[in-house]
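A.B. asks: how would this look folded up:
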Amino acid sequence: MRSPPPASLPTSVTDGLRKTNGAARNLSAVVNIALLLAPNRTSAESRAPRNPADGRPAPRCAGLRRFAALGLAALVAAGGALGAGSVAVTPAWAAGNVSVTGLPLPRFVSLKASRVNVRVGPGNGYSTKWIFVRSGLPVEVIQEFENWRRIRDSNGEEGWVYWSLLSGKRTALVSPWDDAKQVPLHYAADDQASVVAILDPNVVAEVESCDGKWCKIRGKGFRGYAHQDSLWGVYPDETVK
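C.D. replies: Below you'll find the model as predicted:
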């Protein structure tokens, strides 16, 4: 369940709104000036030169066209100002994928706390998207901004977590993409080695090491080797020591 957006807007958004409002006031002033400068039809006719043929006022279309062109140019200029004032609305954290820690991105970590709020943006003022209620789950860090980390879980959902709620300890989920697939755990990194356990999907295991094909993992009541591509929390060809 998603909560409503935060009560306060980032500074760049409010600045953009102030600029937009200012441009709107300028547009109103320009339109008012154009209206004041436009000739009054009745008084203009009384001052216009008479056509000698029939005594009617000579046409003033050229003057009206000039006023129309002036008004149109003013509207276009003011419209450009409105557009320019509403551009800077992108929050700073959305600008790029920069590592502030110097650690690689993306990378796998695990949840340190047993309760972790995942937010829609990097700050306590942003609403909570969901809450993790189990420590040790693997997550993937895909972006960093100041003290916040944007993470992705095994379902592909993304959100922001405060850095101190994460740990560098490596863990993995057993085949979370297939609820019907059990994974054999071998005594050694060899398909011919004896099977010491059969692991159900979504079992959480601590990763001791990986060589790119096999990972040595352990958990409550089991320890052994599993195929690396059957785990979520390590990359297919990654080496973990």
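A.B. asks: Tell me the confidence at residue 43?
C.D. replies: Residue 43 carries a pLDDT value of 41.
A.B. asks: Kindly report the same for residue 192.
C.D. replies: Residue 192 carries a pLDDT value of 97.
A.B. asks: Could you count how many residues lie near it?
C.D. replies: Neighbourhood size, residue 192 [other C-beta atoms under 10 Å]: 6. All C-beta atoms are positioned from the backbone trio N, CA, C, and that covers glycine.
A.B. asks: what's the answer for the one 3 residues further on, then?
C.D. replies: For residue 195, the tally of surrounding residues (other C-beta under 10 Å) stands at 11.
A.B. asks: Name the nearest residue to it, sequence neighbours excluded.
C.D. replies: Using C-beta to C-beta, 6 or more residues apart in numbering and skipping residues adjacent in sequence, the residue nearest residue 195 is residue 184, 4.7 Å away.
A.B. asks: pLDDT at that neighbour, what is it?
C.D. replies: Predicted confidence (pLDDT) for residue 184: 98.
A.B. asks: OK, contacts around it?
C.D. replies: 195, 197, 198, 199, 226 (C-beta atoms under 8 Å, 6 or more residues apart in numbering).
A.B. asks: Can you say which of the residues you listed are buried?
C.D. replies: With neighbours counted by 16 or more other C-beta atoms under 10 Å, the contacts of residue 184 contain buried members at 197, 199, 226.
A.B. asks: ok so the first one is a helix residue?
C.D. replies: Think residue 197. No - read with DSSP: H, G, I helix; E, B strand; the rest coil, residue 197 is strand and lies in no helix.
A.B. asks: hey, what's it bridged with?
C.D. replies: Counting by DSSP bridges, residue 197 forms beta bridges with residue 185.
A.B. asks: What does the pLDDT read for it?
C.D. replies: We note a pLDDT of 98 for residue 197 in this prediction.
A.B. asks: do the same with the last one
C.D. replies: Model confidence at residue 226, given as pLDDT, is 98.
A.B. asks: My guess is it contacts residue 219. True?
C.D. replies: No - look at residue 226 against residue 219 with C-beta atoms under 8 Å: they stay out of range, at 10.8 Å.
A.B. asks: Go ahead and confirm residue 133 touches residue 118.
C.D. replies: No - contact criterion C-beta under 8 Å: residue 133 and residue 118 do not qualify, at 11.3 Å.
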